[in-house]
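Asks: no sequence on this one, just coordinates:
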């Protein structure tokens, strides 16, 4: 069973590496004429940073799986202490990949939010270059913080101190994004369509997840909340409150472009509200029970935690309904939805210059970009010849 799973992971690892290479080579060599690096959509910058992580991090987990297979088949002592191996080595190799893997999931969502906030604020994004380079900074620094997952595993105290400091530093690029999104929204002509509601949810929930991550970066506190529901709540505020909210924003934003059909906006707003309320009702109580000492990975818990777990269960039910609704109204829109115009949101960018859904090969001729692709100032409209 271990060997079969290892082979599967190894194959998927190759898929991940090749996908990352595909994105990077495409971005370097296949940009439209005039599409300079600092005219690229921030969504593309986010994918560029994600691809770097996929290329640099995936080989490590692939080799780790290979070492596990060698240990099982040939009985070499690599990780198994019964054979003279070191299980801490496995944790280091596993987390060296698995922490950057979190950024593989969150960076594309950050790119989506960068697109959505400027479209529905009717403003050029604030601090374009800072947002672009912060994606690269996350990709690079993210490889240097894996040790905060194993503060309690027996690693050197001095190593733990270094990982703790770097774990604080990696929060800076994410904070840059949040502040720049907020500055973009400030005094903008905001349209509260469903993608923007999900973007607001992302900014708020991701901020909570990031701030609670600072608690976990502190060795003294992490010892007490390690492997508790505090960690579960933090992770989900990043991955669900952050990544899933971002993906839902992107799905609603580009759905008319992909399908040529509009979805019922009232239902979409209601679903966004359910997701936000259900998510917080599910996971915020877990911060409290985690701080009070409730461990994760146990099917039983002390009776004093009953009310918090009931709240989480109720919230999960609301959250499930919030996730189910888009499946229903998206399906409905395909068959009964109104025909979508080329640009239903008044957004900027090359994809909004063509009909919905896009024709084969997108453009009848190769577009020539003469200005930034997301300029909302009237005098600096997108230039496409």
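Replies: The structure has been received and is ready for your questions. Predicted model, so just to flag it, every value in this text is computed and none were measured.
Asks: CA only for contacts and neighbour counts going forward, please
Replies: Will do.
Asks: break this protein into its domains for me.
Replies: Split into domains by automatic domain parsing, the chain comes to 1-189, 191-361.
Asks: so which of the ones you listed comes closest to residue 371?
Replies: Residue 371 sits nearest to domain 1-189 of all the domains of the chain, at 7.4 Å, using CA to CA.
Asks: could you point out the helix or strand that follows the longest helix seen in the chain?
Replies: Criterion DSSP state H: the longest helix present in the chain is helix 87-121. Counting by DSSP states H and E, the element after helix 87-121 in chain order, helix or strand, is helix 128-141.
Asks: buried sites along that next one?
Replies: 128, 131, 132, 133, 134, 135, 136, 137, 138, 139, 140, 141 (16 or more other CA atoms under 10 Å).
Asks: pick out the most distant pair among these.
Replies: Across these, no pair lies farther apart than 128 and 141, at 20.0 Å, counting by CA to CA.
Asks: helix or strand for the nearest residue to residue 216 once chain neighbours are set aside, which one?
Replies: Spatial nearest neighbour of residue 216, excluding adjacent residues (CA to CA, 6 or more residues apart in numbering): residue 222 at 4.9 Å. Counting by DSSP H and E, the element that carries residue 222 is helix 219-225.
Asks: buried stuff in that helix?
Replies: Using 16+ other CA under 10 Å as the test for burial, helix 219-225 gives 219, 222, 225.
Asks: quick one: the residue nearest to the spatial centre of the chain and residue 53, what's the gap?
Replies: For the chain, the residue nearest the mean C-alpha position is residue 106 (1.5 Å; CA atoms, centre = their mean). Distance of residue 106 to residue 53, computed by CA to CA, to the nearest Å: 12 Å.
Asks: likewise for residue 20?
Replies: Distance check for residue 20 against residue 53: by CA to CA, it reads 8 Å.
Asks: between these two, which one's more packed in?
Replies: Each of residue 20 and residue 53 has its neighbours counted (other CA atoms under 10 Å); residue 53 has more, 25 against 22.
Asks: now do the contacts for the residue nearest to the more buried one when sequence neighbours are not counted.
Replies: With sequence-adjacent residues excluded and distances taken as CA to CA, 6+ apart, residue 53 is closest to residue 139, at 6.0 Å. Contact analysis of residue 139 by CA atoms under 8 Å, 6 or more residues apart in numbering lists 49, 50, 52, 53, 100, 103.
Asks: can you redo these as a markdown table with pLDDT and distance to residue 263?
Replies: Shown next, in a markdown table, are the contacts of residue 139 (pLDDT from 0 to 100; distance: CA to CA, whole Å):
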| residue | pLDDT | distance to residue 263 |
| --- | --- | --- |
| 49 | 98 | 32 |
| 50 | 97 | 30 |
| 52 | 97 | 35 |
| 53 | 97 | 35 |
| 100 | 95 | 35 |
| 103 | 96 | 30 |
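Asks: from these, list the buried ones, please.
Replies: Taking 16+ other CA under 10 Å as the criterion, what is buried in the contacts of residue 139 is 49, 50, 52, 53, 100, 103.
Asks: any chance of a markdown table for those residues, columns distance to residue 14?
Replies: Formatted as a markdown table, the buried ones among the contacts of residue 139 follow (distance: CA to CA, whole Å):
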| residue | distance to residue 14 |
| --- | --- |
| 49 | 18 |
| 50 | 15 |
| 52 | 14 |
| 53 | 13 |
| 100 | 17 |
| 103 | 19 |
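Asks: quick check, residue 358 in a helix?
Replies: No: under DSSP: H, G, I helix; E, B strand; the rest coil, residue 358 sits outside any helix and is assigned coil.
Asks: count the residues that sit near residue 32.
Replies: Using other CA under 10 Å, residue 32 has 13 other residues around it.
Asks: and the next helix or strand past the one helix or strand in the chain whose mean pLDDT sits lowest?
Replies: Least confident helix or strand, the chain: helix 2-29 with a mean of 90, by mean pLDDT, DSSP states H and E. Per DSSP H and E, the first helix or strand lying C-terminal to helix 2-29 is helix 42-74.
Asks: and that following helix, which residues are buried?
Replies: The neighbour-count check on helix 42-74 (16+ other CA under 10 Å) flags 42-62, 64-69, 71 as buried.
Asks: same question, stretch 16-26
Replies: Using 16+ other CA under 10 Å as the test for burial, stretch 16-26 gives 16, 17, 20, 21, 23, 24.
Asks: try stretch 264-278
Replies: For stretch 264-278, a neighbour-count test (16+ other CA under 10 Å) marks 268, 269, 271, 272, 273, 274, 275, 276, 277, 278 as buried.
Asks: thought the third one was touching residue 327?
Replies: No: the criterion here is CA atoms under 8 Å, and residue 271 misses it with residue 327 at 10.4 Å.
Asks: residue 230 contacts residue 285, correct?
Replies: No: here residue 230 does not reach residue 285: they are 9.2 Å apart, not a contact under CA under 8 Å.
Asks: tell me the contacts of residue 38?
Replies: 129, 372.
Asks: apply 7 Å and report the result again.
Replies: Counting by CA atoms under 7 Å, 6 or more residues apart in numbering, residue 38 touches no other residue.
Asks: sorry, back to before: and which of the buried residues of stretch 264-278 is nearest to residue 313?
Replies: Closest to residue 313, out of all of the buried residues of stretch 264-278 and judged by CA to CA, is residue 278, at 9.6 Å.
Asks: do you know how far the closest one is from residue 323?
Replies: Distance, residue 278 to residue 323, using CA to CA: 10 Å.
Asks: neighbours around residue 364, how many?
Replies: Other residues close to residue 364 by other CA under 10 Å number 9.
Asks: just say helix, strand or coil for it.
Replies: Taking three-state DSSP, the label given to residue 364 is coil.
Asks: for it, give me the pLDDT.
Replies: We have a pLDDT of 88 for residue 364.
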